[in-house]
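Trainee: what follows is a protein structure lacking sequence information:
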């Protein structure tokens with residue numbers, strides 16, 4: 001419909017008062033003696049008929065569209081996509097992801113909350129870049145057992161300790177490796193007095209940050225040196241596509257239960273589903289299939305990834 005001169009003038013006047021002079025819609029309705037709902041409709045028409053053009057300067061907004069597309073694709077509560085830069089190394093990309101992770105935690109954390117972490121390079125980067133708040137009195141909890149000595153720098157106990165120190169809270173430790181030699185040993189540890197407190201925290205988590213591991217044929221998860229040859233062989237037979245919190249799942253989205261999981265010290269994926277905010281933080285082409293499968297499993301409700309990974313995820317059915 002073509003606007004007549006009177007309509008165009010009214011719409012332009014309202015747009016000028018709202019965008020240039022800074023009046024609220026209520027203010028404008030009173031000054032012009034029209035309904036507030038009419039003001040809202042006129043502002044919509046101002047954009048529709050190109051009387052007003054809105055642009056955002058000084059920030060690349062292309063990632064916002066990717067975030068909305070991923071939210072809709074997987075039914076997620078929130079998505080953060082980190083823009084990639086030219087000639088960025090993998091270390092730089094991981095650091096940028098860690099920075100986005102700690103910014104998001106700082107944004108959502110509230111005093112007295114219980115926050116869980118798994119471990120890995122990006123989660124370690126989160127802790128390294130944390131500035132935090134000093135009086136939160138939150139509790140930071142490991143969601144998995146520890147790594148081998150070769151990966152001690154990424155130990156979950158170090159991550160939760162640093163988070164507690166920087167956010168002014170407290171932490172608990174898990175003083176056992178992620179994978180034990182037998183189910184008996186694992187069960188003995190998880191039924192001990194000290195571990196009862198850990199499990200109690202797991203049942204009352206407010207926020208969880210977890211990494212996502214890729215396929216077995218890639219170097220995408222730093223805890224896998226704890227696996228035996230028999231473990232790896234069985235996982236290949238069962239078509240393992242990735243892991244989260246030291247728990248593997250198949251291409252079809254089935255949690256792979258059995259001897260390995262029975263020897264593993266970690267929160268269950270079923271428990272993660274019950275947490276209000278569960279954040280997966282991962283990137284790289286090698287992890288695209290595992291991220292895609294985990295998102296479809298509805299284990300997590302928030303994803304932090306980078307631009308190139310997001311673009312690849314959106315090409316999958």
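Mentor: Great, that's in hand. Treat the numbers as computed from the prediction; the structure is a model and nothing was measured.
Trainee: would you mind identifying the helix or strand in the chain with the lowest mean pLDDT?
Mentor: One helix or strand of the chain scores below all others by mean pLDDT, DSSP states H and E: helix 229-237, with a mean of 93.
Trainee: poorly predicted segments of this protein, please.
Mentor: Applying pLDDT under 70 to the chain flags residues 132-134, 218-222.
Trainee: measure residue 20 to residue 12 for me?
Mentor: Look at residue 20 and residue 12: by Cβ to Cβ, to the nearest Å, they are 11 Å apart. Every C-beta, even on glycine, is put in place using the N, C-alpha and C of the backbone.
Trainee: show me where the stretch 151-300 of the chain has strands.
Mentor: Listed in chain order, the strands found in the stretch 151-300 of the chain under DSSP state E, counting those that start in this stretch are 170-171, 207-210, 240-244, 247-250, 277-281.
Trainee: how near is residue 262 to residue 126?
Mentor: Taking Cβ to Cβ, one finds residue 262 at 30 Å from residue 126.
Trainee: tell me which of the two has more neighbours.
Mentor: Taking neighbours as other Cβ atoms under 10 Å, residue 262 and residue 126 compare with residue 126 leading, 26 against 13.
Trainee: which SSE is that one in?
Mentor: Applying DSSP states H and E as the criterion places residue 126 in helix 121-128.
Trainee: what's that helix packed up against?
Mentor: Packing partners of helix 121-128 (3 or more Cβ pairs under 8 Å, 6 or more residues apart in numbering; DSSP states H and E): helix 90-108, helix 156-167, strand 277-281.
Trainee: any buried residues in that helix, and which?
Mentor: For helix 121-128, a neighbour-count test (16 or more other Cβ atoms under 10 Å) marks 121-127 as buried.
Trainee: could I get those as TSV with distance to residue 303?
Mentor: Converted to TSV, the buried residues of helix 121-128 look like this (distance: Cβ to Cβ, whole Å):
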residue	distance to residue 303
121	17
122	13
123	14
124	19
125	17
126	15
127	20
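Trainee: ends of stretch 16-24, what's the gap?
Mentor: Stretch 16-24 stretches 11 Å from its first residue to its last (Cα to Cα, to the nearest Å).
Trainee: list the buried residues for that stretch?
Mentor: 17-18, 23.
Trainee: which one among these gets closest to residue 151?
Mentor: Closest approach to residue 151 among the buried residues of stretch 16-24 (Cβ to Cβ): residue 18, at 55.7 Å.
Trainee: surely the closest one and residue 43 touch.
Mentor: Yes - contact criterion Cβ atoms under 8 Å: residue 18 and residue 43 qualify, at 6.1 Å.
Trainee: any shared contact partners between these two?
Mentor: Overlap between the contact sets of residue 18 and residue 43, as judged by Cβ atoms under 8 Å, 6 or more residues apart in numbering, is given by residue 25.
Trainee: where do the helices sit along this protein?
Mentor: All helices of the chain, identified by DSSP state H, fall at 5-15, 25-32, 36-48, 62-74, 90-108, 121-128, 156-167, 183-190, 193-202, 229-237, 259-262, 269-272, 288-296, 307-313.
Trainee: okay if I get those as a markdown table plus distance to residue 211?
Mentor: Formatted as a markdown table, these follow (distance: least, Cβ to Cβ, whole Å):
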| stretch | distance to residue 211 |
| --- | --- |
| helix 5-15 | 47 |
| helix 25-32 | 45 |
| helix 36-48 | 41 |
| helix 62-74 | 18 |
| helix 90-108 | 10 |
| helix 121-128 | 6 |
| helix 156-167 | 10 |
| helix 183-190 | 21 |
| helix 193-202 | 17 |
| helix 229-237 | 18 |
| helix 259-262 | 18 |
| helix 269-272 | 13 |
| helix 288-296 | 11 |
| helix 307-313 | 13 |
